[in-house]
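# Would you be able to build a 3D model of this:
(2 chains)
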Number of protein chains: 2
Amino acid sequence: MAKNFVTRDEDYSQWYNDIVIKADMAETSAVRGCMVIKPYGYAIWEMMQAALDKMFKDTGHVNAYFPLFIPKSFFSKEANHVKGFAKECAVVTHYRLKNDENGGGIIVDPDAKLEEELIVRPTSETIIWDTYRKWVQSYRDLPLLINQWANVVRWEMRTRLFLRTAEFLWQEGHTAHATKIEAEQEARKMLDVYAEFVENFMALPVRRGVKSENERFAGAENTYCIEALMQDGKALQAGTSHFLGQNFAKAFDVKFLSKENKLEYVWATSWGVSTRLIGALIMAHSDDSGLVLPPKLAPFQVVIIPIYRDDEQMLSVVQSAKKLKDLLVKHGIRVKLDDRDTQKPGFKFAEHEFKGVPIRLALGPRDLENNTVEIARRDTLTKEIISIDGIENIVIDLLNTIQSNLFNKALKFRDENTYEANSWDEFKDIIENKGGFVSAHWDGTSETELKIKEETKATLRLLPLDYGENEEAGKCIFTGKPSKGRVLFAKAY
Amino acid sequence: MAKNFVTRDEDYSQWYNDIVIKADMAETSAVRGCMVIKPYGYAIWEMMQAALDKMFKDTGHVNAYFPLFIPKSFFSKEANHVKGFAKECAVVTHYRLKNDENGGGIIVDPDAKLEEELIVRPTSETIIWDTYRKWVQSYRDLPLLINQWANVVRWEMRTRLFLRTAEFLWQEGHTAHATKIEAEQEARKMLDVYAEFVENFMALPVRRGVKSENERFAGAENTYCIEALMQDGKALQAGTSHFLGQNFAKAFDVKFLSKENKLEYVWATSWGVSTRLIGALIMAHSDDSGLVLPPKLAPFQVVIIPIYRDDEQMLSVVQSAKKLKDLLVKHGIRVKLDDRDTQKPGFKFAEHEFKGVPIRLALGPRDLENNTVEIARRDTLTKEIISIDGIENIVIDLLNTIQSNLFNKALKFRDENTYEANSWDEFKDIIENKGGFVSAHWDGTSETELKIKEETKATLRLLPLDYGENEEAGKCIFTGKPSKGRVLFAKAY
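Residues are numbered from 1 along each chain as shown, chains lettered A, B, ... in the order given. Just a heads-up that it's a prediction; the model follows:
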């Protein structure tokens, strides 16, 4: 399984790609930039969806579905949005194919040209706010707390499986509120929901903050974000939540009659996470033996592998393994019994190790005699033989231990790779030679931010949530001008 | 709520549309033929998805995700498929927008023309079988039992909410097998899964059968179907399962090395149901007071409405209503407590009745005194005042009763509207004046089938599963030629 598998040190980028491919998570397709999400990768997405969907519903949101296509003219309605999204899009111009009369096979029917081109949604603010206009008349109709699970398309030139693909799956929340404060609170609340999900389920610590004007969502007044650190020292934006002000309400003329009987524009938020999270999950915990999955998101938390030499042994071992599986399943554990007769145990060990199954239980004839089982941990690659009595509690405890261990390991890594830079030379040295998050003073201008990016490839990942409030005396590392506080830089995905 | 609401007898088509719109299920969008599925309609789809997804997984299937776009050339590879699907499709020809230098706003960048056009998937056999080629080498790789939840686009000219829209949501199963018999069994198995779902969850009885060659899926060797009868006497195809033979394996060159070490083409099935089922659900049970939902698919099975005159009453009534809700939720019942202070009870009664909530519980100050509650059934529109003791069991029992009652009512309706026709005049009379399913002898030719359709608009809905085996002597009602057995005709959606 792990043959021909490159280590992180040898080639981090290749290591990532090898895991995605060899752990059967996804692959490129015949369509440029579009991936096929294979069953094992999709099962992880389903686990993520279930957890997030529950969190959204617990915070009062409902799901709905809006059209895949957006009329081209909609993109021109919000001045900033158009700059950000009316770019690399898939454009539908025709609605019919036909057989070429000259024998050229199937061709696009020139008579079936659309009057107005349709854009495959890169994000849905425009079509949704066009719809909300019809749904909102009075303060009684607010708030609208709606989420959509959908596919979106952004025609990326350089793609990487999960991290950047032309088509990807995501959820996009779009809420409408009667007051500014309520919308701001919603945007902040959903940032916390994302942070909680990434930390508790993905076992990946995040920094919460605000984007600079430069990195803000096109059409937002404020973009909140969570940023995580990958093992190569690069940051990855794991989720964003936008306070949109009244920009889309104005663009699409969405007004409501307030309690005070005044006609006012509606306040908005939007927030999203995508299949990109699977890329983050892979890079956060995996090692040179392959994928490592946190138990809460592992499609199978336990794999049971029966060991036998002949048919007689097989009968009794597989029977015991089935009982073991039933016992664990009864306790809510997700278990795979790998009783394939076409593969040897060694092959199975390697395969499930590579696929990151948190716990492996191996059961042979001697275990049956001795009432034991071999239990192996994927995170530490350790194993021991233990009594099978009370195995269900041992497994449950160990799954919790592994989940915490992965989080703590990632937290330790992040802390060890977060630096304070107090001079431009120091900053450059860290970015170039160490990587990681760099906390530094900045003069607050886009101009400086862009120059830093140009010289070092580091981007401004976030302003802390208390930026400007908790002032620490300091001068911008680049210009020496006064700074309102430290912000976080890093090279990023 | 139900004001301006047309009855079934007055205008069935308008009645259907009114329910969809006024029960807040869906609406048309700014994009021609594409609908917005509103939260209440989408919640029903989520209930359907959850039930179906569990049934698919219980029968060994896993989910995956394939690209939205399909290269145009793929459609030419399977000779029959091309005839069926390379028609009314959304065609992507460009991948970039830009600002018009002449001030014309946003335009499609003529320099960003795709070398080969991409088709927004109308169904995914081609892209999936192109992928399966890479996944299948040996019999050890088989079977592949994969399902996809996705959006698809077919550029319909005449659309109706849920029943026929340009974009719709569905699931499509695509399986690959080593033997013909295994693939045939799979196609039949999934037909049974669909039938079980529609009968048990949607409370809608179905006829199972096989499509005639004429109505077969483009590229299939056999199309199994389930057909249900709507209240206007028209049939609705509720799901199809196709045995595809080796057609797609040959078109996309998918071969495997068998146990006997021979290189063979893979056998295939595909099967799907869509958001069309929501249209069927609406038409199956609803009445002149609005939507009627079977408890198993109702987003809320019970609505609790507190009744009060002043703030003092409100406090105690709403508190009791909350306790009642908690009690029912604890027993696994989906409950909405409508404690909006902005609407009167009468408005709430009408709204939830129109939205088809199976049970309404109303609680007022006198109920608190007497330890009672008013319980109302949506299916029969009856109500009574009962003791609140043991209300959880009363509600659970009543939900089961309503579920059975809806099924039995629909079954009785179908049986009363299924006729045997033994002459052409009789056939025409039933189709024209009564509607419903008509069981009649047919000579087995496409020619006759098409002539019957031309003259009566009735289509051949299905050949019974035992067609030709259980021979009943007879002559074709149209040509008088010998018949292998009765088949089912109806006008259809």
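# pLDDT score for residue A:138?
Predicted confidence (pLDDT) for residue A:138: 96.
# ok, the closest residue to it other than its chain neighbours - how many residues close by?
Nearest non-adjacent residue to residue A:138, counting by Cβ to Cβ, 6 or more residues apart in numbering or on different chains: residue A:257, 4.9 Å away. Where C-beta positions appear, they are placed from N, C-alpha and C, glycine not excepted. Using other Cβ atoms under 10 Å in any protein chain shown, the number of residues around residue A:257 comes to 15.
# Quick one: residues contacting residue A:257.
Residues counted as contacts of residue A:257 (Cβ atoms under 8 Å, 6 or more residues apart in numbering or on different chains) are A:137, A:138, A:139, A:263.
# Please give me every residue in contact with the first one.
It refers to residue A:137. By Cβ under 8 Å, 6+ apart, the contact list for residue A:137 reads A:256, A:257.
# again, but for the third one
With contacts defined as Cβ under 8 Å, 6+ apart, the neighbours of residue A:139 are A:178, A:256, A:257, A:258, A:259.
# which residue sits closest to the last one in space, ignoring its chain neighbours?
Read that as residue A:259. Spatial nearest neighbour of residue A:259, chain neighbours left out: residue A:139 (5.3 Å); criterion: Cβ to Cβ, 6+ apart.
# So the one you found versus residue A:256, what's the distance?
From residue A:139 across to residue A:256, the span is 6 Å (Cβ to Cβ, to the nearest Å).
# and what of residue A:301?
Using Cβ to Cβ, one gets 48 Å for the distance from residue A:301 to residue A:256.
# Those two: which has the busier surroundings?
More crowded of residue A:301 and residue A:256, by other Cβ under 10 Å: residue A:301, with 25 against 20.
# Need the pLDDT of the more buried one.
Per-residue pLDDT puts residue A:301 at 98.
# tell me the contacts of the residue nearest to residue A:12 when sequence neighbours are not counted?
Distance criterion Cβ to Cβ, 6+ apart; nearest residue to residue A:12, sequence neighbours excluded, is residue A:232 at 4.6 Å. Neighbouring residues of residue A:232 by Cβ under 8 Å, 6+ apart: A:8, A:12, A:283, A:435.
# Break down chain A into its helices, ranges please.
With DSSP state H as the definition, chain A shows helices at residue ranges A:12-22, A:39-58, A:79-85, A:125-135, A:180-200, A:247-251, A:276-285, A:311-330, A:345-354, A:365-370, A:391-416, A:424-433, A:446-456.
# Tell me which of those sits most buried.
Among the helices of chain A, helix A:276-285 has the highest mean neighbour count (mean count of other Cβ atoms under 10 Å in any protein chain shown), at a mean of 25.
# Which strands or helices does that one pack on?
Judged by 3 or more Cβ pairs under 8 Å, 6 or more residues apart in numbering or on different chains; DSSP states H and E, helix A:276-285 is in contact with helix A:12-22, helix A:39-58, strand A:235-245, helix A:391-416.
# mind checking which of the ones you listed is nearest residue A:88?
For residue A:88, the closest of the helices and strands packed on helix A:276-285 is strand A:235-245, at 18.6 Å, according to Cβ to Cβ.
# Extract the CA atoms of the closest one and return them as PDB.
Coordinates of each C-alpha in strand A:235-245 appear next as PDB, following Å, rounded to 0.1, in the frame of the first residue of the first chain:
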ATOM      1  CA  ALA A 235      -1.900  28.600   6.800                       C
ATOM      2  CA  LEU A 236      -5.200  27.400   5.500                       C
ATOM      3  CA  GLN A 237      -8.400  29.500   5.600                       C
ATOM      4  CA  ALA A 238     -10.900  26.900   7.000                       C
ATOM      5  CA  GLY A 239     -14.100  29.000   6.900                       C
ATOM      6  CA  THR A 240     -15.400  32.500   6.500                       C
ATOM      7  CA  SER A 241     -18.400  34.400   7.800                       C
ATOM      8  CA  HIS A 242     -19.400  37.800   6.200                       C
ATOM      9  CA  PHE A 243     -21.300  40.700   7.600                       C
ATOM     10  CA  LEU A 244     -22.700  42.100   4.300                       C
ATOM     11  CA  GLY A 245     -24.300  45.300   5.700                       C
END
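# Let me know the angle separating that strand from helix A:391-416.
On the basis of axes from the mean of the first three to the mean of the last three Cα atoms, to 10 degrees, strand A:235-245 is oriented at 80 degrees to helix A:391-416.
# helices or strands next to the least confident helix or strand in chain A by mean pLDDT in the packing?
Of all helical and strand segments in chain A, the minimum by mean pLDDT, DSSP states H and E falls on helix A:79-85, at a mean of 75. Helix A:79-85 sits against helix A:247-251, with contacts defined as 3+ Cβ pairs under 8 Å, 6+ apart.
# Is the helix it packs on in proximity to chain B?
No: shown here: helix A:247-251 not in contact with chain B (Cβ under 8 Å from any Cβ of the partner chain), separated by at least 13.7 Å.
# What residues are recorded as beta-bridge partners of residue A:441?
For residue A:441, the beta-bridge partners are residue A:486 (DSSP bridges).
# Show the contacting residues for it.
Residues counted as contacts of residue A:441 (Cβ under 8 Å, 6+ apart) are A:422, A:474, A:475, A:476, A:477, A:483, A:485, A:486, A:487.
# so can I have CSV of the residues you listed showing pLDDT and neighbour count?
Converted to CSV, the contacts of residue A:441 look like this (pLDDT from 0 to 100; neighbours: other Cβ atoms under 10 Å in any protein chain shown):
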residue, pLDDT, neighbour count
A:422, 95, 15
A:474, 89, 16
A:475, 94, 15
A:476, 96, 19
A:477, 96, 24
A:483, 94, 21
A:485, 92, 19
A:486, 95, 21
A:487, 96, 22
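# So which of these is the closest to residue A:345?
The nearest member of those to residue A:345, counting by Cβ to Cβ, is residue A:487 at 52.5 Å.
# so the closest one sits right up against residue A:442, yeah?
Yes: the criterion here is Cβ atoms under 8 Å, and residue A:487 meets it with residue A:442 at 5.1 Å.
# Can you give me the neighbour number for residue A:372?
Neighbour count for residue A:372, taken as other Cβ under 10 Å: 18.
# now residue A:159
Taking other Cβ under 10 Å as the criterion, the count of residues near residue A:159 is 18.
# check contacts around it.
Residue A:159 makes contact with A:33, A:35, A:165, A:166, according to Cβ under 8 Å, 6+ apart.
# Buried among the residues you listed? Need that as a selection in ChimeraX.
Here is the ChimeraX command that picks out the buried ones among those, judged by 16 or more other Cβ atoms under 10 Å in any protein chain shown:
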select /A:33,35,165,166
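# Turn the contacts of residue A:159 into CSV, including pLDDT.
What follows is those, written out as CSV (pLDDT from 0 to 100):
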residue, pLDDT
A:33, 93
A:35, 97
A:165, 96
A:166, 96
